[in-house]
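S.K.: sequence first, then the predicted structure, then my questions.
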Amino acid sequence: MWGNPRALSAGMEELALKAAEATDGKFKIKIFYGGQLSGARENLDGLKLNAFEGAAICNFYHPGKNPAWMVFSLPFLPLGDPAVDRHVRSKLFEHPTIVTDMERWNAVPFVSGLLPQYEVLGSAPPPTDLSDWSGKRVRAGGGLGSAMEKLGAVKQTLPAGETSTAFQRGALDAAAFPFTYAHVAFKIHESADWFTGYMSPGTSECGWVFNKTAYDALPPQYQDFLMSQCEMVMEYEQAAYAEQDAINLPMFKETLTEITYSDEQLSEFRDIAGKPVWDEWIAANKDKFGSQALFDAVWQYADEAQ
């Protein structure tokens, strides 16, 4: 995993404890941080080479390697409610198209990182109008990055670990991250002047996958144990995100300028960067996999969760 222990890793850290406890130390999970085993963009390659038994992957770090997984990063999907988000992602992790995307890398989808909606922190001048995004260099990947481009921003797709340095050096004007934990985890707030409040343009999928060779070789009871812990992992993730928000949001409001948009402005943003980005993604991928069917599944699962 890239970066240090943080809210995203809380569920897997608890799983490691439970695995050792449940098996009297016979089954151990060790998480390597800071890209010790692989660069953030090469985790899928490492799984294919059997270099390690599992990894966190972030879909927009390597869109060409997991084109179907990019559906998670489309803007303005119905994932704002945590319960709906959890149901949709859990179902998508079982969807044949998502599973097939990982099979090419000898990987098995395990559990979603349940990343919260992204917000943006940046340096002056603040984008109080949608037109103010024009020309701003914004770290935002996938469909969210495409949405920002629709506003005239210049999309940058740096891995999280490289973003702080780029921002501090002035190579970026703003960075979109899961709000609020990731901005603090990667110290973006220390160099920022403003943050967007409840812009909620979308999210991505930085989830957990297993090496298929290693998973298939596990005794059945260990496979069953792992898959029975998905809900627990997601519960710990969501609790960790909420705990960080309770700490970080008051700090942001005290030290940074909050940028909010009217309902009319947000509606305009959705008109500019919602369906147009969806349609472009569906068209670009229709010959690779059932992109329309996968996109429709997101909305079907969201309706189920209501």
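M.R.: Cool, got the structure.

S.K.: domains in this structure, by residue range?
M.R.: 7-115+204-242, 118-202+246-274 (automatic domain parsing).

S.K.: what's the closest non-adjacent residue to residue 283?
M.R.: residue 291 (7.9 Å; CB to CB, 6 or more residues apart in numbering). Where you see a C-beta, it was placed from the backbone N, CA and C, and this is true even at glycine.

S.K.: surely the one you found meets residue 281?
M.R.: Yes: between residue 291 and residue 281 a contact is recorded at 6.8 Å, counting by CB atoms under 8 Å.

S.K.: what sits in contact with each of those two?
M.R.: residue 71 (CB atoms under 8 Å, 6 or more residues apart in numbering).

S.K.: count of residues packed around residue 38?
M.R.: Close neighbours of residue 38, defined as other CB atoms under 10 Å, add up to 19.

S.K.: nope, residue 287 is what I was after
M.R.: Neighbour tally, residue 287, other CB under 10 Å: 7.

S.K.: just to revisit the earlier point, out of the domains of the chain, which comes closest to residue 285?
M.R.: Closest to residue 285 of the domains of the chain, according to CB to CB: domain 7-115+204-242, at 5.7 Å.

S.K.: mean confidence for the closest one?
M.R.: For domain 7-115+204-242, the mean pLDDT works out to 97.

S.K.: residue contacts, the residue nearest to residue 181 when sequence neighbours are not counted?
M.R.: Once flanking residues are discounted, residue 181 sits nearest to residue 244: 3.9 Å by CB to CB, 6+ apart. Residue 244 sits next to 7, 180-181, 184 when contact means CB under 8 Å, 6+ apart.

S.K.: ranking those by neighbours, who comes first?
M.R.: residue 7 (26 neighbours).

S.K.: so that residue is in contact with residue 240, correct?
M.R.: Yes: using CB under 8 Å, residue 7 is in contact with residue 240, at 3.6 Å.

S.K.: show me the common contact partners of these two, please.
M.R.: Common neighbours of residue 7 and residue 240 (CB under 8 Å, 6+ apart) are residue 181.

S.K.: helices of the stretch 151-300 of the chain, start to end?
M.R.: 160-168, 181-185, 212-217, 220-228, 230-255, 263-273, 275-285, 291-305 (DSSP state H, counting those that start in this stretch).

S.K.: next, the buried residues of stretch 113-131.
M.R.: 113-123, 126-127, 130 (16 or more other CB atoms under 10 Å).

S.K.: looking at the residues you listed, spot the one nearest residue 231.
M.R.: Nearest member of the buried residues of stretch 113-131 to residue 231, counting by CB to CB, is residue 114, at 11.3 Å.

S.K.: quick check: closest non-adjacent residue to the closest one.
M.R.: Spatial nearest neighbour of residue 114, excluding adjacent residues (CB to CB, 6+ apart): residue 237 at 4.9 Å.

S.K.: tell me who's in contact with that neighbour.
M.R.: Counting by CB under 8 Å, 6+ apart, residue 237 has contacts 7-8, 10-11, 113-114.

S.K.: likewise for residue 81?
M.R.: Shown in contact with residue 81 (CB under 8 Å, 6+ apart): residue 305.

S.K.: how much space between it and residue 120?
M.R.: Per CB to CB, to the nearest Å, residue 81 is found 21 Å from residue 120.

S.K.: would you tell me which one of the helices of the stretch 151-300 of the chain is buried the most?
M.R.: Mean neighbour count (mean count of other CB atoms under 10 Å) peaks for helix 181-185 among these, with a mean of 24.

S.K.: just checking, what packs against that helix?
M.R.: helix 230-255 (3 or more CB pairs under 8 Å, 6 or more residues apart in numbering; DSSP states H and E).

S.K.: just the angle for the helix it packs on relative to helix 220-228, thanks.
M.R.: Relative orientation of helix 230-255 versus helix 220-228 (axes from the mean of the first three to the mean of the last three CA atoms, to 10 degrees): 40 degrees.

S.K.: confirm residue 20 sits in a helix?
M.R.: Yes: under DSSP: H, G, I helix; E, B strand; the rest coil, residue 20 sits within a helix.

S.K.: which one, of the domains of the chain, ends up nearest to residue 296?
M.R.: Across the domains of the chain, closest to residue 296 is domain 7-115+204-242 (CB to CB), at 10.3 Å.

S.K.: and that closest one, how far out from the chain middle?
M.R.: Counting by CA atoms, centre = their mean, to the nearest Å, domain 7-115+204-242 is centred 11 Å from the centre of its parent chain.
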